[in-house]
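**Q** I'd like to go over a predicted model; first the sequence, then the structure.
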There are 4 protein chains.
Amino acid sequence: MADKIPVGVLGATGLVGQRFVSILADHPWFSLEVVAASEKRVGKRYGESVKWYIDEPLPQQAIDMVMARPRPESFKPVDVVFVALPKEVAGPLELELARMGKIVVSNANVFRMDPDIPLLNPEVNWDHMSLVKLQRERRGWRGAILKVPNCTTAILTLSLKPLMDSYGIREVYMTSMQAISGAGFNGVPGYAITDNIIPFISGEEEKVVRESRKILGKLSGDAVSFADMRVVATTTRAPVLDGHLESVVVRLEKMPGDIEEVRSLLDSWRSRPQHLRLPTAPEKPIIVRREEDRPQPRLDRKSGRGMSVVVGRLSQPYPDEPVIRYIVLGHNTLRGAAGTGVLIAELYYRMFEEGAVG
Amino acid sequence: MADKIPVGVLGATGLVGQRFVSILADHPWFSLEVVAASEKRVGKRYGESVKWYIDEPLPQQAIDMVMARPRPESFKPVDVVFVALPKEVAGPLELELARMGKIVVSNANVFRMDPDIPLLNPEVNWDHMSLVKLQRERRGWRGAILKVPNCTTAILTLSLKPLMDSYGIREVYMTSMQAISGAGFNGVPGYAITDNIIPFISGEEEKVVRESRKILGKLSGDAVSFADMRVVATTTRAPVLDGHLESVVVRLEKMPGDIEEVRSLLDSWRSRPQHLRLPTAPEKPIIVRREEDRPQPRLDRKSGRGMSVVVGRLSQPYPDEPVIRYIVLGHNTLRGAAGTGVLIAELYYRMFEEGAVG
Amino acid sequence: MADKIPVGVLGATGLVGQRFVSILADHPWFSLEVVAASEKRVGKRYGESVKWYIDEPLPQQAIDMVMARPRPESFKPVDVVFVALPKEVAGPLELELARMGKIVVSNANVFRMDPDIPLLNPEVNWDHMSLVKLQRERRGWRGAILKVPNCTTAILTLSLKPLMDSYGIREVYMTSMQAISGAGFNGVPGYAITDNIIPFISGEEEKVVRESRKILGKLSGDAVSFADMRVVATTTRAPVLDGHLESVVVRLEKMPGDIEEVRSLLDSWRSRPQHLRLPTAPEKPIIVRREEDRPQPRLDRKSGRGMSVVVGRLSQPYPDEPVIRYIVLGHNTLRGAAGTGVLIAELYYRMFEEGAVG
Amino acid sequence: MADKIPVGVLGATGLVGQRFVSILADHPWFSLEVVAASEKRVGKRYGESVKWYIDEPLPQQAIDMVMARPRPESFKPVDVVFVALPKEVAGPLELELARMGKIVVSNANVFRMDPDIPLLNPEVNWDHMSLVKLQRERRGWRGAILKVPNCTTAILTLSLKPLMDSYGIREVYMTSMQAISGAGFNGVPGYAITDNIIPFISGEEEKVVRESRKILGKLSGDAVSFADMRVVATTTRAPVLDGHLESVVVRLEKMPGDIEEVRSLLDSWRSRPQHLRLPTAPEKPIIVRREEDRPQPRLDRKSGRGMSVVVGRLSQPYPDEPVIRYIVLGHNTLRGAAGTGVLIAELYYRMFEEGAVG
């Protein structure tokens, strides 16, 4: 990988787009060559177009990039296109880019449940990447569409995966307290959220229920058979800038030895992205904290550069039943969006080299 | 009830104490005669001693009241003492006041689980008031100790009661997002809670589990047999001033007809305090909202002058099983503390007149 | 005034519009007959159309009102139209309504500096109402356009008026910390304002400078001669829901006796609306607080039902110069918008009865 | 400087103490050897004793340090002691440490106005360091007490220094909006500051007035003659975690060319710490931003690793008078406390090497 792979970001000025730019501007494998957002920004410098809301400085090399048109043609020079557009406009563009042969890594809520499109949370279901073969056969394109899951689901499923593998999961009750940034820069008015909680996020609970069953599903032949677990999800918006916190109760199939066993299981768990040493993979996908009052969004959201989820308050509410309770926190625009997007692209190239993508 | 019943507040300057003063200063049955808090405030005027944080003005008649010593003797002139002290100091004082013949209505977390002390959420378990007879026999005092439940539990059990009566309850999963005021004025530093959630409240989950089983328990003979339901509670602190929001999943014994039936059940439910027209009883103990994004703490916490709980987002997550999901919100220092305290005192006097207390 | 005067609100669903509806639904002189907002709401019930954000309940009589078209014709049945529309659309509608003979009381930032249009903060410059005569002559209409000042300016000038009358004002330095509601419901994203201050509000400082000089100006003949004082204004947005707080330093013409004299002057000051006992006039236009840490937005914004301004921290920074320093707080959508709008209408009718309007 | 200079922190667990630890744990000149806080923490590991609230991780080498007794003896092994204790306890300890020969760099509000104790904001008055000679002569000790200014004053005076040098300053009007962290972890209750501003900070305004005149004063012989400028300061507390924002109006002695000249002056200004390349000195002491809505606390407080102040909204309110207006922001626990403390120690050693301290 002597030369860097040229990549672009479509939807580069929103909160997720800014995270893509921030990660890609300093990436060992990828070189950020094209940025685009809305039509009205075309021709302006990125540094002028964006209201930069990340607390690290806007990368020097991105400041002077000229905003391209938000059209497929703009991305001819690159191999990978990261998409952070609203779903209304993303769909047709993604299809066209894939037809042009591009690797499309998309955060948009469209095509996620298509059977031949992998919905990837790399540590959890890296093997679903091989759906790309099927996708290319069926759709007749050389490119690929690879989907980033819903943010809440990405955080939840990462915490569930080792539990599923070791004990089996029958049922999950999850209540989330989600950050403002999850709705985009203009998504939640200050007048609505100050001194308040909004106990509803449109479409979110449905996404958690269906996407978690796909992500935790088993690849058999060229199809994913959905995980046979039940999920009850209640999602709320809290006055927090970044970091989704989820209160989780899981009914397992099998009784764990004790809660310490569960702690060790989660904290020591590593997966393919760690073994492959992918640049964006955190050292520990799951960090278990033993303090009684952690994780907290403001203190823990940057753990593992925003790519680890942090689990705390692990306990067994019932003495004789295989039920565990915990809190999990993840950074919604990193593990829940842009970070996972870049990790997916890294995984694609490693698996491609290994011949696993076809 | 020609003459008003003289009452006092012990712990009158804290956030709950202020609510007691606010309600009692303008009460049709009770006359506020004594206020006391810490030793260092003795002899000062209430208006000078208190940092008034309620958005209605400090009642004129309370401003000039002189703070008494926080000792039982100070309360000789009154019949009822409302206690809003920390549990460390409350216990011995409550015992002494009861021995002096006072009706002690206490918010302090002590004696709540004693078998002969009623833990009262009046709409839910008004009949437990008759434990006072037993209490007087056993303890040999003329007074009484009546306990206000934990705030989160008061809100939860009010929403559960009609469900229990109509369908039976097997299991409850509850995650709370609790207001800052629940920890008292100095309880949560601004630096800790801004842009944050703290997923732990010391002792709270245990209180929810055990108190809810007592409150929803059945009185048989002179004992309460605890409700045979299981509760998993996760409690968190959110950057909200007042109003606890709870995300609830309930596994019922019996399948409800449909979700509309459940809505009607809750919204139309009335109990003894409503039938007795107690002054502090809200017209509707439970208000069901049908908007997809309600209840919200800031918008709904004052419903029924803070004495109603507001239920929203009612749904059945599974088509074929008796499980319902909802959000419930209540005002933690009114329904969850001072308001319920005053309601208990009102109930006591009505039931006493009826000969139900003995 | 046996029959109530029929009135309407144009722009009834925004934060200021809601305040108009809240005040007018229960007004002794006015009867709310027409509500209108955007085209897309036409024909819906007000109760369905509005996201009600006021903590008093939506008035029963308003809930079922049917939203009219936002056109002048809709307001034929009423005598007074309160306007809470953005300035882009307000101007032409106001002109047409005035031509139809309506009394237009408008919050929109248009026409405010026109010489024949009174910009009214009733306690401060009630006498400017007589510009209506000139306006009618010049414009040849029977109606009238009466303007509510910018919110920050209304609060500031109310605190300045007694100082100007007693001591003269040479220069004012003002820094504001303004509430989120001042920008309208969607005006300030939650992601922008949480844990932050935004030190800029578009156009605001210019409004403070020019409007304060008109409001505090003297009516001579049929023109207002602007106050000869200098104003340096810096305006910022703070994470506060309602209530603008202003830090003020005033260089007076004349040395006050001492700071206690200034306190008395402000606290005891009454003006025409108080003498006329106008229904929306607060008992005290200015409330002086002596505590070292008041006024505070959350605790004081409802003073005088939101129509008083609260002044605190009065001091003289220099021993020998006529300079005073203070903090003033006012409710931005009541004193700063809808409340003052209704007060203007009340003043108009009283002065009309007296023959002062012509 | 082959071997690192051993240093200690007294008051290491508070918000400022944590910043000292964070900077010193990775410092090129200093080696953190001793940490102490309250008696009750003695013997515990630092990592257990501290509630770490900084968003960078707790430095590995600090985690296992054992907390020493908060007594002078504990600091025998070190040359420099950084003090972040409350003023009540700091005074006697500082005197004893200086007598022991230690270089005491202290954030505590005691001795700041003593004529022989330098109150240092290094870029502004590095030359005041030579007061150490006088101090040692008078007090007969080998050590030294060097004072960090009040946070608000440090930020203000850094922005004023180039103005004073180029134009002279006659008068300053300053209103601050200060962060919660300025009051320490428990200093501002969440219930007090949410949806609120508190327009008073005890003692703060007096500190700004007197300390700024000392810091900007001229060293002549062995005394500082205070700057002959007048300051009117109003200080408030805002719901912001870190970063003090100040609205400033300055009446200069001399008319600047135009506002662009002032911008260049501030932005290009460098001082001794920059020329000496002190490790904690920011590249630019003052960063001028031209966007209309900057600086903002959340976005700009980390500029120059928290050691730059950021100036925006520069303008001339009057066409013909030498008055300028701007907003300045600085990180209150870095530029306003621990960062400046470390910078002072660096300056001391460089000036000592040059023979400038004696």
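**A** Structure received.
**Q** only C-alpha atoms from now on, for both contacts and neighbour counts.
**A** OK.
**Q** write out the residues of chain A neighbouring chain B.
**A** A:173, A:175, A:194-200, A:232, A:234, A:238-241, A:247, A:292-298, A:317, A:327 (C-alpha under 8 Å from any C-alpha of the partner chain).
**Q** distance of whichever residue of the stretch 51-200 of chain A sits closest to chain C relative to D:Leu334?
**A** Closest to chain C within the stretch 51-200 of chain A is A:Gly190: 3.5 Å, counting by C-alpha to the nearest C-alpha. From A:Gly190 across to D:Leu334, the span is 29 Å (C-alpha to C-alpha, to the nearest Å).
**Q** ok, A:Gly8 next?
**A** Between A:Gly8 and D:Leu334 the distance is 37 Å, computed by C-alpha to C-alpha.
**Q** so which of those two has more stuff around it?
**A** Remark: of A:Gly8 and D:Leu334, A:Gly8 carries more neighbours, 28 against 25, as counted by other C-alpha atoms under 10 Å in any protein chain shown.
**Q** name the SS class of that one, please.
**A** strand (DSSP: H, G, I helix; E, B strand; the rest coil).
**Q** one more: A:Met177?
**A** Remark: A:Met177 carries the secondary structure label strand [criterion: three-state DSSP].
**Q** who is it paired with across the strands?
**A** Taking DSSP bridges, one obtains A:Thr236, A:Leu245 as the residues bridged to A:Met177.
**Q** that one is in contact with A:Leu241, isn't it?
**A** No - taking contacts as C-alpha atoms under 8 Å, A:Met177 lies outside contact range of A:Leu241: 11.3 Å.
**Q** these two: which is more packed in?
**A** Between A:Met177 and A:Leu241, counting by other C-alpha under 10 Å, A:Met177 is the more crowded of the two (26 against 23).
**Q** just to revisit the earlier point, and the residues of chain A next to chain B, which of them are in helices?
**A** Per DSSP state H, helices hold the following members of these: A:Pro297, A:Arg298.
**Q** wait, is A:Phe82 part of a strand?
**A** Yes - assessed by three-state DSSP, A:Phe82 belongs to a strand.
**Q** so who does it touch?
**A** Residues near A:Phe82 by C-alpha atoms under 8 Å, 6 or more residues apart in numbering or on different chains: A:Val7, A:Gly8, A:Val9, A:Leu10, A:Phe20, A:Val104, A:Val105, A:Ser106, A:Asn107, A:Gly341, A:Val342.
**Q** now do 6 Å
**A** A:Val9, A:Val105, A:Ser106 (C-alpha atoms under 6 Å, 6 or more residues apart in numbering or on different chains).
**Q** state the distance from the residue in the stretch 201-350 of chain A that chain C sits nearest to to A:Leu156.
**A** Among all residues of the stretch 201-350 of chain A, A:Leu241 sits closest to chain C, at 6.2 Å; criterion: C-alpha to the nearest C-alpha. According to C-alpha to C-alpha, A:Leu241 stands 19 Å off from A:Leu156.
**Q** for chain C, what are the nearby residues on chain A?
**A** Proximity of chain A to chain C, by C-alpha under 6 Å from any C-alpha of the partner chain, involves residues A:Asn186, A:Val188, A:Pro189, A:Gly190.
**Q** what's around A:Gly355, how many residues?
**A** Using other C-alpha under 10 Å, A:Gly355 has 10 neighbouring residues.
**Q** over to A:Asp267?
**A** Around A:Asp267 there are 17 other residues, counting by other C-alpha under 10 Å.
**Q** now do A:Tyr349
**A** Neighbour number of A:Tyr349 under other C-alpha under 10 Å is 17.
**Q** A:Gly203 now?
**A** 9.
**Q** check what pLDDT it gets.
**A** Listed pLDDT for A:Gly203 reads 97.
**Q** buried sites along stretch A:289-299?
**A** Neighbour counts using 16 or more other C-alpha atoms under 10 Å in any protein chain shown place A:Arg289, A:Asp293, A:Arg294, A:Pro295, A:Gln296, A:Pro297, A:Arg298, A:Leu299 of stretch A:289-299 among the buried residues.
**Q** tell me the one of these nearest chain D?
**A** Taking C-alpha to the nearest C-alpha as the measure, chain D lies nearest A:Leu299 of the buried residues of stretch A:289-299, at 6.2 Å.
**Q** all strands of the stretch 201-350 of chain A, in order?
**A** Secondary structure of the stretch 201-350 of chain A (DSSP state E, counting those that start in this stretch): strands located at A:218-220, A:223-225, A:230-237, A:244-252, A:286-288, A:309-315, A:323-330.
**Q** let's have these in a markdown table, adding mean neighbour count.
**A** Output for these, formatted as a markdown table (neighbours: other C-alpha atoms under 10 Å in any protein chain shown):
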| stretch | mean neighbour count |
| --- | --- |
| strand A:218-220 | 15 |
| strand A:223-225 | 17 |
| strand A:230-237 | 22 |
| strand A:244-252 | 26 |
| strand A:286-288 | 25 |
| strand A:309-315 | 25 |
| strand A:323-330 | 26 |
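**Q** format those as JSON lines; extra columns: mean pLDDT.
**A** Below are the strands of the stretch 201-350 of chain A laid out as JSON lines (pLDDT from 0 to 100):
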{"stretch": "strand A:218-220", "mean pLDDT": "94"}
{"stretch": "strand A:223-225", "mean pLDDT": "95"}
{"stretch": "strand A:230-237", "mean pLDDT": "98"}
{"stretch": "strand A:244-252", "mean pLDDT": "98"}
{"stretch": "strand A:286-288", "mean pLDDT": "98"}
{"stretch": "strand A:309-315", "mean pLDDT": "98"}
{"stretch": "strand A:323-330", "mean pLDDT": "98"}
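**Q** distance to B:Arg41 for those strands - can I get that in JSON lines?
**A** Shown next, in JSON lines, are those (distance: least, C-alpha to C-alpha, whole Å):
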{"stretch": "strand A:218-220", "distance to B:Arg41": "68"}
{"stretch": "strand A:223-225", "distance to B:Arg41": "69"}
{"stretch": "strand A:230-237", "distance to B:Arg41": "41"}
{"stretch": "strand A:244-252", "distance to B:Arg41": "42"}
{"stretch": "strand A:286-288", "distance to B:Arg41": "46"}
{"stretch": "strand A:309-315", "distance to B:Arg41": "40"}
{"stretch": "strand A:323-330", "distance to B:Arg41": "42"}
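**Q** of all the ones you listed, which one is nearest B:Pro72?
**A** Of all the strands of the stretch 201-350 of chain A, strand A:309-315 sits nearest to B:Pro72, with 41.4 Å by C-alpha to C-alpha.
**Q** any idea of the angle that closest one forms with strand B:230-237?
**A** If you take axes from the mean of the first three to the mean of the last three C-alpha atoms, to 10 degrees, strand A:309-315 sits at 130 degrees to strand B:230-237.
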